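Engineer: everything below, folded, please.
(chains A and B)
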Amino acid sequence: MKKSLNERLAILSDAAKYDASCASSGTVKRDSSKSGGLGSTEGSGICHAYSPDGRCISLLKILMTNFCIYDCAYCINRSSSNVERARFSVEEVVWLTLEFYRRNYIEGLFLSSGIIRSSDYTMEEMVRIARELRVTHNFGGYIHLKSIPEASPLLIEQAGFYADRLSINIELPTDTGLTRLAPEKRPANIRKSMGELRLKIEAANDPTLQTNRRKRFVPAGQSTQMIVGADQANDKVILGTSARLYGSYGLRRVYYSAFSPIPDASKNLPLIKPPLMREHRLYQADWLYRFYGFGIEEITENQPDGMLDLKLDPKLAWALVNRHRFPVNINTAEREMLLRVPGLGTKAVNGILSARRHRRLRLEDLARLHVSIKKVQSFVVTEGWTPHRLIDRSDLRAMFEPKPEQLELL
Amino acid sequence: MVTILLDGRGDLAEWREAARPLLLARTAPRTIDWRCRSDATSDLFGPAVETPDTAIAVAATAPTMTVPKAFLSLAQAVICHSDPLRFHLLYRVLFRLQEERTLLEVLSDADVAQLHAMEKSVRRDCHKMTAFVRFKEVAAEDGHARRRFVAWFEPDHHIVARAAPFFQRRFTDMDWIIATPKGTAAWNGKALTISAAPAENPMLTDQTDTLWRTYFSNIFNPARLKVKMMMTEMPKKYWKNLPEAKLIPGLIAGAEASVIAMAERAASEAPLFHQRLQALAQTEREVARASAETLEELREDARHCTRCALHCRATQTVFGEGPQDAKIMIVGEQPGDQEDLAGRPFVGPAGAVFNTVAQDAGLVRKDTYVTNAVKHFKYEPRGKRRIHQKPNAGEVQHCKWWLTRELELVKPKLVVAMGSTALMALTDGRQRLSDLRGQIVQLGAGQSLLVTVHPSYLLRIPDEGKRLEETTRFRLDIARAVKFG
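Structural biologist: Got it, this is the predicted structure:
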């Protein structure tokens, strides 16, 4: 008997939850009051709900189908798994997206799929969904499509005209890891597909000779996801891969997904709790690389086994081994150095730079810029404050480490 | 003491009208008592006094005052705040701004910081409204094609008018009403109507909420429970109007059990269709070819090259390009950023220099075989860019296997080595580029070699005169090759 829409929604959203991304930001502005249709995007995304796993629900994140001819060990939908299978028709995905959108549950659609028949067939169906939404239903909300590996470049190009974002998952940080766990996937082809997309995005951004207008093509760029903890790769390897992906393909984001046990798991995989703290530290390091001027080498060089410190955030860990560069004078230091002070974010640094043009800053002033005094005081000099020998204390690290937890009584 | 009575429903004009004469009269902030009409009615301290006539009289004659634009946009947000102190704070900052023109830039100032805190609170409330409003469908009016939706929301601040345009931009093709205790916004396809009168909860239900709840409980990953994170972003005060929220306690309570159940369901026998797929794949696995007989076969083999570690970092093998019967073969160093992405040699900046010079020198690129000594791009990532790195002797040596095969299949009359890496690959690196530059020497059985610089070298010369000079020299080298070929 055919499963009801509700039953299939349960299966196909359950199957989609291992994709970390739910972002709906970074695209062009669209406004339905001009088109008369439905949907808008305003630059920054909106999280319409939060799940008890702390993750934002911004998009209807579903698979078109969880039947799959690939057998990737880390994936709940691999062909050797006994999960229940289901499939949505093109019309059903379109209907769900529009009805959810009208009730303001979501910002749009994030559609992925298992591979059925062939990569091209699957991609074609996904493109059909995006086209139906945009063309037939005049839908202006956010659309994120997962590119199917090995799909023809022509289909990817069509997808790019309707989608805000395209992504293809690199899955594992090393080629050997991927080949071992996902025998049908070819790392070189995944990179090739990212490279082709970057060239197409750049070409579309060049104004055409006739109209001086830019074509709208994947305005929110491309992203990817790496699974953390399913293979032996350390953080240094993972971050190195991210740096190469950012540099090579102009990715907007690399998502890290702590490997989470899946039902009916393959014997090749660890049945462990997902390393959530490790995932968090990787995101912090990723931010330091992209927005704070840190090199990957700097972040990982003093860490044993190339693993980030789980107890301290990577910026603090870096500062503790580079104490000779502190304290930093808040009233005179350059932006680059301010960004390296533990406890100062980009916003606080902008606030400091703006305020110090008018007055000398004191510790209280930093507090009003929402800076944690407890965290920065060892690393900064302000009007009326020097940390004296605080920075040289041998127990400085212990001051920042989380307090040891008392064991619970039995 | 002057007492000012305001409606205080998020309308800046009202406060502005009251503040302007006071400011012109240089009324000190601490001598003004700002009050809301709704609070004043139950005031135990007697009836409040309206704006005094003296202040208004001044306003009629005095020149207009100016305030920074940034203040107005801040004030527009802060006035929506529900804190009764907002009028006073705004006036105090306005008053101080007359003397301290750059006050707003001092984000660490206590007043400015408080203004920003209030603005942030209003902004957050607006944002949460755009996130947590839930429309319920109601029956369309007879003979009316547009679908109708109604939502109930309880904001902290007076933000209905501020947030309403968002919903108009988003839900243009349907009629909707958002009712709140702080006013109502309605859209009918033509006009946006806003009223400040408090509304009642219409207590509606919608069938689609069931599907939404199904989605909400299934997108949750019980192995990653992080309740605190959820609570900061979706505080409990919003839960009562969210159809999905009543599932939350059950999801949290059952999380651990479902993770344990998952672990127990580990690895069972694979389904039948998996075995069929695997058998099919086995038969399709291609039989390895003995050795490449044509350039096309060689190119295909090179796609899978793993002779050195460079393939793990590069996008793809960039193989040579050109006719198999080409008389001239150009050998460069390695693909660059653009070549690596496109999969074709000499398409980046250095390729453009080469093309221009080649054209001037009379070399037809499509009749020439163009390749590189190393077929994968070697680089270091630096932010959003990749910095080219010179391949080392080992990498050149590994890749020489392909270059030798290309030479055997194309059999060019003349090989042009551009740059020292190409020279090293072709001659085992015993000679220096500067010694051989521009000469034609024997390479082996019936083949000659011409050595010149790499076009990227020309791009790196900062001095324009020197660059022109070197470009001319390079062109003469290429012209020499054309004459020879």
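Engineer: quick one: least confident helix or strand in the chain?
Structural biologist: You didn't say which chain, so I picked chain A. In chain A, no helix or strand scores lower on mean pLDDT, DSSP states H and E than helix A:396-400, which sits at a mean of 82.
Engineer: please go with chain B instead
Structural biologist: helix B:53-61 (a mean of 49).
Engineer: can you give the contact residues for the very next helix or strand once past that helix?
Structural biologist: Following helix B:53-61 in sequence order, the next helix or strand is helix B:69-78 (DSSP states H and E). Outside helix B:69-78, the residues that touch it by Cβ atoms under 8 Å, 6 or more residues apart in numbering or on different chains are B:12, B:15, B:86, B:89-90, B:93-94, B:97, B:104, B:115-116, B:118-119, B:122-123, B:162. C-beta coordinates here come from the backbone N, C-alpha and C atoms, glycine included.
Engineer: from these, keep the buried residues only.
Structural biologist: Buried subset of those (neighbour count, 16 or more other Cβ atoms under 10 Å in any protein chain shown): B:12, B:15, B:86, B:89-90, B:93-94, B:97, B:104, B:115-116, B:118-119, B:122-123, B:162.
Engineer: what's the helix or strand for whichever residue of the stretch 301-410 of chain A sits closest to chain B?
Structural biologist: Nearest to chain B, among the residues of the stretch 301-410 of chain A, is A:Asp365, at 3.4 Å (Cβ to the nearest Cβ). Here A:Asp365 sits within helix A:363-368, counting by DSSP H and E.
Engineer: so which elements touch the longest helix along chain A?
Structural biologist: Selection of the longest helix in chain A by residue count, based on DSSP state H, yields helix A:187-205. If contacts are counted by 3 or more Cβ pairs under 8 Å, 6 or more residues apart in numbering or on different chains; DSSP states H and E, helix A:187-205 sits against helix A:153-162, helix A:175-181, strand A:222-228, helix A:235-249, helix B:337-342.
Engineer: which parts of it are buried?
Structural biologist: A:187-188, A:190-201, A:204.
Engineer: next, the angle from that helix to strand A:222-228.
Structural biologist: Inter-element angle recorded for helix A:187-205 and strand A:222-228: 150 degrees (by axes from the mean of the first three to the mean of the last three Cα atoms, to 10 degrees).
Engineer: now the stretch 101-250 of chain A against chain B: closest residue?
Structural biologist: Closest residue of the stretch 101-250 of chain A to chain B, Cβ to the nearest Cβ: A:Gly247 (3.4 Å).
Engineer: wait, that residue touches B:Phe377, no?
Structural biologist: No. Using Cβ atoms under 8 Å as the test, A:Gly247 is too far from B:Phe377 to be in contact (11.2 Å).
Engineer: show me the contacts for the residue lying closest to B:Arg9 once chain neighbours are set aside.
Structural biologist: In this structure, B:Arg9 finds its nearest non-sequential neighbour in B:Ala196, 4.5 Å apart by Cβ to Cβ, 6 or more residues apart in numbering or on different chains. If a contact means Cβ under 8 Å, 6+ apart, then B:Ala196 has B:Asp7, B:Arg9, B:Gly10, B:His158, B:Val160, B:Ala161, B:Lys182, B:Gly183 as its contacts.
Engineer: about what we covered before: so how far is the longest helix of chain A off the chain centroid?
Structural biologist: Between the mean C-alpha location of helix A:187-205 and the chain-wide mean there is a distance of 19 Å, by Cα atoms, centre = their mean, to the nearest Å.
Engineer: and stretch B:397-410, by the same measure?
Structural biologist: Here the centre of stretch B:397-410 is set off from its chain's centre by 42 Å, with Cα atoms, centre = their mean.
Engineer: stretch B:122-140 too?
Structural biologist: For stretch B:122-140, the distance from its own C-alpha centre to the chain's C-alpha centre is 26 Å (Cα atoms, centre = their mean).
Engineer: state the mean pLDDT of stretch A:94-111.
Structural biologist: Average pLDDT, stretch A:94-111: 97.
Engineer: quick revisit: quick one: which of the contacts of B:Ala196 is most hemmed in?
Structural biologist: B:Val160 (26 neighbours; other Cβ atoms under 10 Å in any protein chain shown).
Engineer: quick one: pLDDT of the residue of chain A found nearest chain B?
Structural biologist: Nearest to chain B, among the residues of chain A, is A:Gly54, at 3.0 Å (Cβ to the nearest Cβ). You'll see A:Gly54 listed with a pLDDT of 92.
Engineer: just to revisit the earlier point, and of the buried ones among the contacts of helix B:69-78, the nearest to A:Ala163?
Structural biologist: A:Ala163 lies nearest to B:Arg123 out of these, by Cβ to Cβ, at 29.3 Å.
Engineer: where does that closest one fall, phi/psi-wise?
Structural biologist: Dihedral pair for B:Arg123: phi -60, psi -40, per degrees, to the nearest 10.
Engineer: mind telling me the two of the contacts of helix B:69-78 farthest from one another?
Structural biologist: Spatially, the most separated pair among the contacts of helix B:69-78 is B:Leu97 and B:Arg162, at 23.2 Å (Cβ to Cβ).
Engineer: how about the strands in the stretch 301-450 of chain B?
Structural biologist: Listed in chain order, the strands of the stretch 301-450 of chain B (DSSP state E, counting those that start in this stretch) span residues B:328-332, B:369-372, B:379-382, B:385-388, B:414-418, B:440-444, B:447-452.
Engineer: A:Ser266 is nearest to which of the ones you listed?
Structural biologist: Among the strands of the stretch 301-450 of chain B, the nearest to A:Ser266 by Cβ to Cβ is strand B:379-382 (32.3 Å).
Engineer: pLDDT (mean, whole number) over the closest one?
Structural biologist: 92.
Engineer: Three-state assignment for the residue nearest the centre of chain A, please.
Structural biologist: Nearest to the geometric centre of chain A sits A:Tyr255, at 3.2 Å (Cα atoms, centre = their mean). Classification of A:Tyr255 using DSSP: H, G, I helix; E, B strand; the rest coil returns strand.
Engineer: re the thing from before, got the contact list for the least confident helix or strand of chain A?
Structural biologist: For helix A:396-400, using Cβ under 8 Å, 6+ apart, the contacting residues are A:Leu312, A:Leu316, A:Leu320, A:Arg323, A:Lys375, A:Ser378, A:Leu390, A:Arg393.
Engineer: let's see that with 6 Å instead.
Structural biologist: A:Leu312, A:Leu316, A:Leu320 (Cβ atoms under 6 Å, 6 or more residues apart in numbering or on different chains).
Engineer: and the pLDDT for the last one?
Structural biologist: Spelled out, it's A:Leu320. So, for A:Leu320, pLDDT stands at 91.
Engineer: now it. Nearest residue, chain neighbours left out?
Structural biologist: A:Arg397 (5.5 Å).
Engineer: kindly report the same for the second one.
Structural biologist: In space, and not counting its chain neighbours, A:Leu316 is closest to A:Pro342: 4.3 Å by Cβ to Cβ, 6+ apart.
Engineer: now the one you found: which helix or strand?
Structural biologist: Here A:Pro342 is assigned to no helix or strand, by DSSP H and E.
Engineer: tell me, what residue is most central in chain B?
Structural biologist: Closest-to-mean residue, chain B, Cα atoms, centre = their mean: B:Lys384 / 12.7 Å.
Engineer: near chain B, which residues of the stretch 151-300 of chain A are found?
Structural biologist: When proximity is defined as Cβ under 6 Å from any Cβ of the partner chain, the stretch 151-300 of chain A approaches chain B at A:175, A:191-192, A:195, A:199, A:243-244, A:247, A:260-261, A:263-265, A:267, A:271, A:274.
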